[in-house]
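Here is the input, now give the coordinates:
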Amino acid sequence: MSKFSSNHPQESEDTAEFSSRPAHNRLTRPKWPEAIVGLVVFFVVGIGGGLQLSRLGLDPVVYGLVFTALSGIAGIAGFAAAVLLRIRSLSPFGVRPTSRRWLLIGVAAGVVAFVLKSLAALAWIQITGDSTNVQAMYGEGGSGGILSLILATVFLGLLTPLGEELLFRGVITNALLRHSPVPGVVGSALIFAIAHGINTVFPVALIVGLITAEIFRRSGSVWPAVVVHAVVNLPTIPVVVAAGIG
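Numbers count the residues shown, from 1 in each chain. Prediction:
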């Protein structure tokens, strides 16, 4: 990412250091093949897994828990496929150490994203009239007692951010940043939002995608973006269960 952010007037020390690395390291960033393979595997695992789960007749709580974990699993699977395709190294995908400063920035950006995504969801409902609850399954997964509540929170609040950021930032944003910051940040955010469906989650995913992509671009590491995403997701299950949704 610093290959692109190095021309930015607000370049950070972190990205400047990354830009100083040898050219052959910077040129091994993921390209379209990694992005396409990663997305295909993500949708095959996510949609295919969801269809198979619906046929098993599982207990609603168990089904909800597995479904809640599925997005993170699909993201990790897509990321693994992209890594193994050609580069076979984690660092070019942004899986590299970051500073405490960037992790704290991730926490602050996550709080901002949480507020903005809530406003975006309300605006979507007002504009479209679509208030369909697409998170009912998460509520089911967390409604079976304290253990299911903890597991569902971990799956959605930690596993999902990890899997989705590895794929959508480490692969997709990275690949698009080869062109310039605008398609890298905006383009990957749109892909991320569309992957969540055209529903009440779309504006939420768009806001989160824009913020995490920009954090990723500036920091050169996927971990601050994971922190942003985790801060946004962690309250979801407790709120949904407390509200009796699902």
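
Where does pLDDT dip in this protein?
1-27, 244-246 (pLDDT under 70).

ok, longest helix in it?
The residue-count maximum for a helix in the chain (DSSP state H) belongs to helix 100-128.

buried ones in it?
102, 105-106, 109-110, 113-114, 116-117, 120-121, 124 (16 or more other CB atoms under 10 Å). Backbone N, C-alpha and C define where each C-beta goes, glycine included.

Return the list of helices and strands in contact with it.
Helix 100-128 is packed against helix 201-219, helix 223-233, with contacts defined by 3 or more CB pairs under 8 Å, 6 or more residues apart in numbering; DSSP states H and E.

I'd like to check the angle between that helix and helix 223-233, please.
Computed with axes from the mean of the first three to the mean of the last three CA atoms, to 10 degrees, the direction of helix 100-128 lies at 40 degrees from that of helix 223-233.

before we move on, back to that, using CSV, please lay out the helices and strands packed on helix 100-128 together with distance to residue 172 and mean neighbour count.
Below are the helices and strands packed on helix 100-128 laid out as CSV (distance: least, CB to CB, whole Å; neighbours: other CB atoms under 10 Å):
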stretch, distance to residue 172, mean neighbour count
helix 201-219, 9, 25
helix 223-233, 12, 26
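
between those, which gets nearest to residue 162?
Nearest to residue 162, of all those, is helix 223-233, at 5.7 Å by CB to CB.

Show me what the closest one is in contact with.
97-98, 102-103, 105-107, 109-111, 113-114, 117, 156-158, 160-162, 164-165, 169, 208, 211-213, 215-216, 219 (CB atoms under 8 Å, 6 or more residues apart in numbering).

ok, now stretch 49-62?
When contacts are defined by CB under 8 Å, 6+ apart, stretch 49-62 is touched by residues 63, 66-67, 70, 73-74, 140-141, 143-144, 148.

If we use 6 Å, what do you get?
Taking contacts as CB atoms under 6 Å, 6 or more residues apart in numbering, the residues outside stretch 49-62 that touch it are 66, 70, 140, 144, 148.

and those residues, which two are the farthest apart?
Taking CB to CB, the two most distant members of those are 70 and 144; they sit 17.3 Å apart.

rewinding a little: and which of the contacts of stretch 49-62 is nearest residue 203?
For these, the closest approach to residue 203 (CB to CB) belongs to residue 70, at 22.1 Å.

so that closest one is in which element?
Element membership of residue 70, judged by DSSP states H and E, is helix 60-85.

List the buried residues for that helix?
In helix 60-85, the ones that count as buried by 16+ other CB under 10 Å are 61, 63-79, 81-83, 85.

That helix: how far from the chain's middle?
12 Å (CA atoms, centre = their mean, to the nearest Å).

how long is stretch 155-173 from one end to the other?
23 Å (CA to CA, to the nearest Å).

got the contact list for it?
30, 34-35, 38, 42, 68-69, 71-72, 75-76, 78-79, 82, 93-94, 184, 188, 191-192, 212-213, 216, 222, 225-226, 229-230, 233-234, 236-237.

For residue 212, see how far away residue 233 is.
In this view, residue 233 and residue 212 are 11 Å apart by CB to CB, to the nearest Å.

make that residue 189, sorry
Taken as CB to CB, the span from residue 189 to residue 212 is 8 Å.
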